[in-house]
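S.K.: Sequence plus the predicted model coming up.
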Amino acid sequence: MKRIAIASFIHEGNSFSPVPTTTAEFRQQLWLSGCAAKEHARGTRTELGAAVDFLDTHRDWQGLFLTCAEAGPAGPIDDMTFALIRDEILDGLSRGPWDAVYLALHGAMLSASSPTADLDLLRAVRRAIGRAPLGVSFDLHANLGAAQIGLFDVACGFKTHPHVDMYETAARTLELLARTASGEIAPKGALAKVPAILPSMNMRTTDGPMAEIEAIAAEVERRHGLLDVSVFGGFSYGDSPLAGASVMVHADGDAELAQEAAHEVGAAMTARLDRFYVALPTPTAALMQAAGATAWPVALIESSDNPGSGGIGDTTGLFAAMHAARPPGPAVFAFFADPGVVGQAAAAGIGGRVAVTLGGRIAPEFGAPVAISGTVDRLTDGRFRNSGPLAHGAHCNLGRTALVRDGELAIIVTAACQSPNDPGFFTLHDIDVHRLRWLGVKAKNHFRAAFRPLIPTMIDVDTPGPAALDLRHFRFRHAPMDFRRS
Ligand SMILES: [Zn+2]
């Protein structure tokens, strides 16, 4: 029986978020090991869900789930929490020897003292496991560098954005890892850096430049019979020496071929860089567009405070405009993260009245608080399982939540901070999205995975926030100078 160790440490670090990531955020989202981690992942279309299925279908492998930890995108992880999770994984690995090790990483993790936390972790893991084959799966928004290539034997990245192929990416990595362990293949990796820090607004793989680049990558992979070609857009709010886009290729036994293919796809990306920089309307202009819409609901999407990019659920640029404009029919704003307001709503009870301020609590520099008074329509425990195409089946925990209604506008307030990307977020609050005139969301491209078929008019809006569209708002310190757009 061959033995494989499975672990995950997933975090996307936003250098410009005022909210650090602590043990609390991992405990809120995922921090489990052993059978508990395995059973939590079973049946989900996630990377760890794929690891469970790999073990079920590969009876010659015995798998041990070590620490599996994930927190939502936010500011850097405090050093104590980073060390705690890293050491749990290393302790688990000390129970080797292993025939293979699989790690699920984001690839843009930051700790308080290190802008290259994934690289630090990979080095420590390699030291711990010696020459055992190591396979890694990464998010499409990973900030990768050539230094990583020598540390793992094989790695793959998501090929879709919205990321509807988390499961498939892990399954692919595990297959390649198993074939490496058996000696069937000898992967040789290469990475070509693309010299740009790209906003992800126009980085969907359904249309636009990234769709073209992914098609080219797939064609190059087929033409050369490569093991994997993965394109990484990078995470623009992660200020790191590894910031920027890249292309990673693994070829069977041929390092030169891997290098050539990485450069070929990298050149195709470099030729399209300008198309990733787009402009968006202000809230006022977006609401004028909404007023002229002929198909409803209209979604107004505020990416500058998208929790999936390190947003904090606190900025008021879009909400203030929607509130002042008085929606012409049923409208919902999703969401503000404010445990205090949830507590006040819970104290008032369903049907009770509350007068509260929303937003501007953590970072008023991104918009002043907005005062509302309304009725508490619903209170929930914030728990549901994803029913949409993103991480289908995965457990979500928003903390306690409240739905407060101020005239036609109902506002979802949550204790934790997570993007409203899954239909379950709205079902939990008894909201039928079809019946809305306006839906304001703190979200970005991932919102489209489930809602594109349901919402005919989608307007992305430019507002201030920790994930604002224009990267010139941010002071980079670590990222390569020539990658920054001036
Ligand atoms: Zn991503």
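M.R.: Ah, there it is.
S.K.: all contacts plus neighbour counts: C-alpha atoms, from now on.
M.R.: Fine.
S.K.: where's the residue nearest the centre of the chain relative to residue 96, distance?
M.R.: With distances taken as C-alpha atoms, centre = their mean, residue 308 lies nearest the centre of the chain, 4.9 Å away. Separation of residue 308 from residue 96 (C-alpha to C-alpha, to the nearest Å) stands at 35 Å.
S.K.: List phi and psi for residue 399.
M.R.: phi 70, psi -170 (degrees, to the nearest 10).
S.K.: Count the residues that sit near it.
M.R.: Residue 399 has 18 neighbouring residues, counting by other C-alpha atoms under 10 Å.
S.K.: if I pick it, what's in contact with it?
M.R.: By C-alpha atoms under 8 Å, 6 or more residues apart in numbering, the contact list for residue 399 reads 381, 382, 383, 414, 415, 416.
S.K.: so residue 15 touches residue 75, yeah?
M.R.: Yes: in this structure residue 15 lies within contact range of residue 75 using C-alpha atoms under 8 Å: 5.7 Å.
S.K.: Overlap of the contact sets of these two?
M.R.: The contact lists of residue 15 and residue 75 share residue 110, where a contact means C-alpha under 8 Å, 6+ apart.
S.K.: now the strands for the stretch 101-250 of the chain?
M.R.: According to DSSP state E, counting those that start in this stretch, the stretch 101-250 of the chain carries its strands in the segments 134-138, 154-157, 187-194, 228-232, 245-252.
S.K.: now for the shortest one, which elements pack on it?
M.R.: Okay, so that is strand 154-157. Contact here means 3 or more C-alpha pairs under 8 Å, 6 or more residues apart in numbering; DSSP states H and E; on that basis strand 154-157 packs against strand 134-138, helix 166-181, strand 187-194, strand 228-232, strand 245-252.
S.K.: go on, the last one?
M.R.: In terms of contacts (3+ C-alpha pairs under 8 Å, 6+ apart), strand 245-252 is packed against strand 154-157, strand 187-194, strand 228-232, helix 255-270.
S.K.: Put together a markdown table for the ones you listed, with distance to residue 375, mean neighbour count and mean pLDDT on each row.
M.R.: Listed next are these as a markdown table, based on distance: least, C-alpha to C-alpha, whole Å; neighbours: other C-alpha atoms under 10 Å; pLDDT from 0 to 100:
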| stretch | distance to residue 375 | mean neighbour count | mean pLDDT |
| --- | --- | --- | --- |
| strand 154-157 | 45 | 28 | 98 |
| strand 187-194 | 51 | 25 | 98 |
| strand 228-232 | 45 | 27 | 98 |
| helix 255-270 | 51 | 20 | 98 |
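S.K.: And the ones you listed: which comes nearest residue 473?
M.R.: Of all the helices and strands packed on strand 245-252, it is strand 187-194 that lies closest to residue 473, at 21.9 Å by C-alpha to C-alpha.
S.K.: Could you list the residues in contact with stretch 171-180?
M.R.: 47, 50-51, 54, 100, 102, 133-137, 153-156, 185-187, 227.
S.K.: The residue nearest to the centre of the chain and residue 12, how far apart?
M.R.: 9 Å.
S.K.: cool, and residue 32?
M.R.: According to C-alpha to C-alpha, residue 32 and residue 12 sit 19 Å apart.
S.K.: the more surrounded of those two?
M.R.: residue 12 (30 against 20).
S.K.: show me what contacts that one?
M.R.: Residue 12 neighbours (C-alpha under 8 Å, 6+ apart): 72, 73, 74, 106, 107, 108, 109, 110, 235, 238, 309, 310.
S.K.: Please report the distance of the closest residue to the fifth one other than its chain neighbours from residue 240.
M.R.: Residue nearest to residue 107 in three dimensions, not counting chain neighbours: residue 142, with 4.1 Å by C-alpha to C-alpha, 6 or more residues apart in numbering. Counting by C-alpha to C-alpha, the gap from residue 142 to residue 240 is 11 Å.
S.K.: And the two? Which one has more around it.
M.R.: Higher neighbour count among residue 142 and residue 240: residue 142, with 28 against 25, using other C-alpha under 10 Å.
S.K.: Just the pLDDT at that one, thanks.
M.R.: For residue 142, the pLDDT comes out at 98.
S.K.: Now it, what are its backbone angles?
M.R.: Residue torsions, per degrees, to the nearest 10, at residue 142 are phi -70, psi 140.
S.K.: That one: what's it in contact with?
M.R.: Contacts of residue 142 (C-alpha under 8 Å, 6+ apart): 106, 107, 108, 232, 233, 234, 235.
S.K.: make it 6 Å
M.R.: 106, 107, 108, 234 (C-alpha atoms under 6 Å, 6 or more residues apart in numbering).
S.K.: cool, and residue 447?
M.R.: Applying C-alpha under 6 Å, 6+ apart to residue 447 gives the contacts residue 421.
S.K.: can you do 8 Å?
M.R.: With C-alpha under 8 Å, 6+ apart, residue 447 has these contacts: 162, 420, 421, 422.
S.K.: That one and residue 141: what is the separation?
M.R.: 16 Å.
S.K.: hmm, back to that, return the members of the contacts of residue 399 classed as buried.
M.R.: Neighbour-count burial (16 or more other C-alpha atoms under 10 Å) applied to the contacts of residue 399 gives 382, 383, 414, 415, 416.
S.K.: Hmm, residue 286 is touching residue 461, no?
M.R.: Yes: Residue 286 is within contact range of residue 461, at 6.4 Å (criterion: C-alpha under 8 Å).
S.K.: got any residues that touch both of these two?
M.R.: When C-alpha under 8 Å, 6+ apart defines a contact, the residues bordering residue 286 and residue 461 alike are residue 300.
S.K.: Neighbours of residue 95, how many?
M.R.: Neighbours of residue 95 (other C-alpha under 10 Å): 11.
S.K.: if I look at it, how far off is residue 59?
M.R.: Taking C-alpha to C-alpha, one finds residue 95 at 21 Å from residue 59.
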